[in-house]
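J.: need a 3D model of the sequence below.
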Amino acid sequence: MRHTVTAGVDGSPESLAAAAWAAEEAELRGLPLTLVHAGGAPAPRTGLPEVDVPAGRHARALEVAVREVHAARPDLEIVRTAVPDPAGETLPEAARDAVLLALGSQGFSGFTGYLLGSVALDVAARSTVPVVLVRGGRPVAARSDRPVLLGLDLDSADAELVRFAFDAASVHGAPLEVLYAWRPSPRRPHGRADAEPALPEDPGAGQEEALAAALRPWREEFPAVPVSLHLAAGSAAHRLVRASERAVLLVLGHREDAGQRLGPVTHAAIHHAPCPLAVVPHGARAAADRPGPPPGQGGPPDG
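T.: Numbering: from 1, shown residues only. Model (predicted):
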């Protein structure tokens, strides 16, 4: 049984936003919040403000994050952890017993702190628990007013992803919207390459029935969660990013067999989705780390 919500902090505004988001999540779930600061010993002073100011912020990161979270949520239990190893190596292990790990994101303009370069992408790809990337500088709207949005690909349905999405909607008291995007392929009559393309195929009732069947066990387990299904033609990344503008949380999956690399839909969501993004691992290792095999099936838009 997972017993905490974890956030990585480094003193950046984005990581403080992630800590605040994780604190609300912990309070909603009735769990303690674990704040993890990683990255080695404080750097020596150089006399250069452009170097010393970020270094000082990094050194005080845990203290500042604890103070801000406690001021906003004085009754929340906070566990603080500081480790000397680099964040990319430490965070997946530090969050092993967590419901999720929250990190800060700057979105399209890039990443800072823990998210500098490929660190956050590496953590999201390697973690055995869901990693939630939280955009800095954007206040989170009232959670009950917005849906949880799940991107689902029926070709690689998996239980961990669907369970996380239903559980998140239940915890937030929010409806769940499930989006399946299909890319139409124009057909040419009689197989002639020079002929005018016919109307594109649509997914038809069969895909909608398959989607409903994949969700049925979870609807039975979470009967209080309102669920709506959406089948849309076009790019999954484009459809999901647009739909995420009105979501409280976007949920996508990462297959273990894809290795330590996130898919193109997840990359697009990291850069463009305005709401927090949960990247949920699923596969043999992720399933083994979870208590008991849940019923049902579900899957991510890009695996």
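J.: only C-alpha atoms from now on, for both contacts and neighbour counts.
T.: Fine.
J.: what comes up buried for the helix or strand hosting Ala26?
T.: Assigned by DSSP states H and E, Ala26 belongs to helix 13-29. Under the neighbour-count criterion of 16 or more other C-alpha atoms under 10 Å, helix 13-29 has 13-27, 29 buried.
J.: what's it in contact with?
T.: With contact meaning C-alpha atoms under 8 Å, 6 or more residues apart in numbering, helix 13-29 is reached by 4-9, 32-33, 35, 65, 69, 73, 76, 102-106, 112-114, 133-137, 171-172.
J.: I'd like the next helix or strand past that helix.
T.: Following helix 13-29 in sequence order, the next helix or strand is strand 33-38 (DSSP H and E).
J.: and the angle for that following strand with helix 13-29?
T.: Strand 33-38 and helix 13-29 are oriented at 150 degrees to each other (axes from the mean of the first three to the mean of the last three C-alpha atoms, to 10 degrees).
J.: what sits up against the strand or helix carrying Val280?
T.: Val280 belongs to strand 277-282 when assigned by DSSP H and E. Identification of contacts with strand 277-282 by C-alpha under 8 Å, 6+ apart yields 124-125, 127-134, 158-161, 164, 249-256, 266, 269-270.
J.: just the pLDDT for Pro86.
T.: We have a pLDDT of 80 for Pro86.
J.: count of residues packed around it?
T.: Pro86 has 14 neighbouring residues, counting by other C-alpha atoms under 10 Å.
J.: ok, the closest residue in space to it that isn't next to it in sequence - how many residues close by?
T.: Of all residues not flanking Pro86 in the chain, Gly39 sits nearest, at 4.3 Å (C-alpha to C-alpha, 6 or more residues apart in numbering). Here the count is done by other C-alpha under 10 Å, and Gly39 has 18 residues near it.
J.: who's in contact with Gly39?
T.: 83-87.
J.: select only the buried ones of the residues you listed in PyMOL?
T.: Per 16+ other C-alpha under 10 Å, the buried members of the contacts of Gly39 correspond to this PyMOL selection:
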select buried, resi 87
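J.: the helix or strand harbouring Arg80 - contacts with which helices or strands?
T.: Using DSSP H and E, Arg80 maps to strand 78-83. Helices and strands touching strand 78-83, by 3 or more C-alpha pairs under 8 Å, 6 or more residues apart in numbering; DSSP states H and E, are strand 33-38, helix 61-72.
J.: I'm done for today, thanks for sticking with me.
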